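1. Need coordinates for the below:
(2 chains)
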There are 2 protein chains.
Amino acid sequence: MDTRAALLTQRVVREFTDDALPTDVLTTILDAGRHAGSSKNLQRWAFIAITDRGVLRRLAAVGDYAGHLAGAAAAVALVTPTPGPGDPLSIMWDLGRCAQNMTLAAWAAGIGSVPATVYGQPLCRDILGYPDDHWCEYLLSFGYPADAADLTRPPRAGGRRTLEDLVHYERW
Amino acid sequence: MDTRAALLTQRVVREFTDDALPTDVLTTILDAGRHAGSSKNLQRWAFIAITDRGVLRRLAAVGDYAGHLAGAAAAVALVTPTPGPGDPLSIMWDLGRCAQNMTLAAWAAGIGSVPATVYGQPLCRDILGYPDDHWCEYLLSFGYPADAADLTRPPRAGGRRTLEDLVHYERW
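-> Model prediction:
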């Protein structure tokens, strides 16, 4: 898929078919995240790729809006050093750049995705086993859209603020 | 450019030719940022697009590693509500996703980019005029690479951690 088309058509997908992701496609998604730029090239991230249905179902309980994980073909837990009150903002900025690479790689392969915010850190840590000095603020669900029209449907009118509303030129 | 190619070849570019970005290309970059997903679709961002050489030169002083702004064809200041100590991590996570869309749209058009972290918030606010309850943590420099080979050169060996180092399966 052309890059510009991917950027302009990508939408959130929360419901997926039962089809598994081919292993090479999952690797492509992870590799796209690996290639993302990061502040001082620190790459403060690790990825836990989950395809086991039982684990995905358990993960659906880590947040109020994480139910989509139960039906995902795969999830990727994005693990960082635990962000403290004095930490730079760049950990999450970098992680967002990394996640966007992953979701765009998926989209270009006909795969939808949606992030989940982890509210229950102890539960998430218990399920996934990452160390105490690490943190998982976000998981990504991936899968083929239950409604294939998601891949081609035009964006919802009014779903995004307009350029006129967002953009200033030279000065606010 | 194919999406996967864009994701795997994108590299940071800090030195640019004197060529201006066509207006429609700058708009395409901003529009790609506009389309990014955000937590609860809050879109907590505004963009200041700067092409005035005098302003770009002044902006080069907002951070220790912001010198590239002086030579950029354009910069985009990413403005958010001021992040406070109790704020969710999602403001910067969303902003990273938005920025990645912009830099990929640029890359697909043969345009390089690099982020700058703002250390001097008062100076940046003075130059750009955003309100006191807003914040600019990052600016993006854009331009045609001074060395056109940047667009096709293979990634530097060892520049990224390996998948084996980064990825866990099912559990840490």
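2. three-state assignment of the residue lying closest to A:Arg14 once chain neighbours are set aside?
-> Of all residues beyond its chain neighbours, the one nearest A:Arg14 is A:His68 (4.4 Å), with distances taken as Cβ to Cβ, 6 or more residues apart in numbering or on different chains. Where you see a C-beta, it was placed from the backbone N, CA and C, and this is true even at glycine. State at A:His68, reduced to three classes by DSSP: H, G, I helix; E, B strand; the rest coil: helix.
3. quick one, what contacts the residue nearest to the spatial centre of chain A?
-> Nearest to the mean C-alpha position of chain A, counting by Cα atoms, centre = their mean, stands A:Leu140 at 3.5 Å. Remark: with contacts taken as Cβ atoms under 8 Å, 6 or more residues apart in numbering or on different chains, A:Leu140 is in contact with A:Ala75, A:Val76, A:Leu78, A:Ala99, A:Met102, A:Thr103, A:Ser113, A:Val114, A:Pro115, A:Ala116.
4. from those, which single one is nearest B:Asp147?
-> When the contacts of A:Leu140 are compared for distance to B:Asp147 (Cβ to Cβ), A:Met102 wins out at 28.9 Å.
5. my guess is that closest one contacts A:Arg34, does it?
-> No: with contacts defined as Cβ atoms under 8 Å, A:Met102 does not count as touching A:Arg34, sitting 9.2 Å away.
6. the helices in chain A, which residues?
-> Shown for chain A, the helices assigned by DSSP state H span residues A:3-9, A:23-34, A:53-59, A:90-108, A:121-128, A:163-166.
7. Deepest-packed of those, please.
-> Each of the helices of chain A was given a mean neighbour count from mean count of other Cβ atoms under 10 Å in any protein chain shown, and the largest, a mean of 26, is that of helix A:90-108.
8. mean confidence score for that helix?
-> Helix A:90-108 shows a mean pLDDT of 97 in the predicted model.
9. do the same with stretch A:156-165
-> When pLDDT is averaged along stretch A:156-165, the result is 92.
10. Likewise for stretch A:44-61?
-> Mean predicted confidence for stretch A:44-61 is 98.
11. Alpha carbons of that stretch, as CSV, please.
-> Only the C-alpha atoms of stretch A:44-61 are listed here, as CSV (Å, rounded to 0.1, in the frame of the first residue of the first chain):
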residue,chain,number,x,y,z
ARG,A,44,13.7,2.3,25.6
TRP,A,45,11.2,-0.3,24.6
ALA,A,46,10.7,-4.1,24.5
PHE,A,47,7.8,-5.9,22.9
ILE,A,48,5.9,-8.9,24.2
ALA,A,49,4.0,-10.6,21.3
ILE,A,50,1.0,-12.6,22.5
THR,A,51,-1.1,-14.9,20.4
ASP,A,52,-2.3,-17.4,23.0
ARG,A,53,-6.1,-17.0,23.3
GLY,A,54,-6.1,-17.7,27.0
VAL,A,55,-3.6,-14.9,27.6
LEU,A,56,-5.4,-12.5,25.3
ARG,A,57,-8.6,-13.1,27.3
ARG,A,58,-6.9,-12.4,30.5
LEU,A,59,-5.3,-9.2,29.2
ALA,A,60,-8.8,-7.9,28.3
ALA,A,61,-9.2,-7.2,32.0
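12. quick check, that stretch touching chain B?
-> Yes: with Cβ under 8 Å from any Cβ of the partner chain as the threshold, stretch A:44-61 lies in contact with chain B, specifically through A:Trp45, A:Ala46, A:Phe47, A:Ile48, A:Ala49, A:Ile50, A:Thr51, A:Asp52, A:Val55.
13. now the third one: how far from B:Pro131?
-> Right, A:Phe47. A:Phe47 sits at a distance of 38 Å from B:Pro131 (criterion: Cβ to Cβ, to the nearest Å).
14. Comparing the two, which residue is more hemmed in?
-> When neighbours are counted by other Cβ atoms under 10 Å in any protein chain shown, A:Phe47 and B:Pro131 differ, and A:Phe47 comes out ahead with 20 against 11.
15. coming back round to it: what's the closest of the residues of stretch A:44-61 next to chain B to B:Asp64?
-> B:Asp64 has its nearest neighbour among the residues of stretch A:44-61 next to chain B in A:Trp45, at 24.0 Å by Cβ to Cβ.
16. could you list every residue that touches that closest one?
-> Under the criterion of Cβ under 8 Å, 6+ apart, the contact partners of A:Trp45 comprise A:Gly33, A:Ser38, A:Leu78, A:Val79, A:Thr80, A:Asp94, A:Leu95, A:Cys98, B:Leu166.
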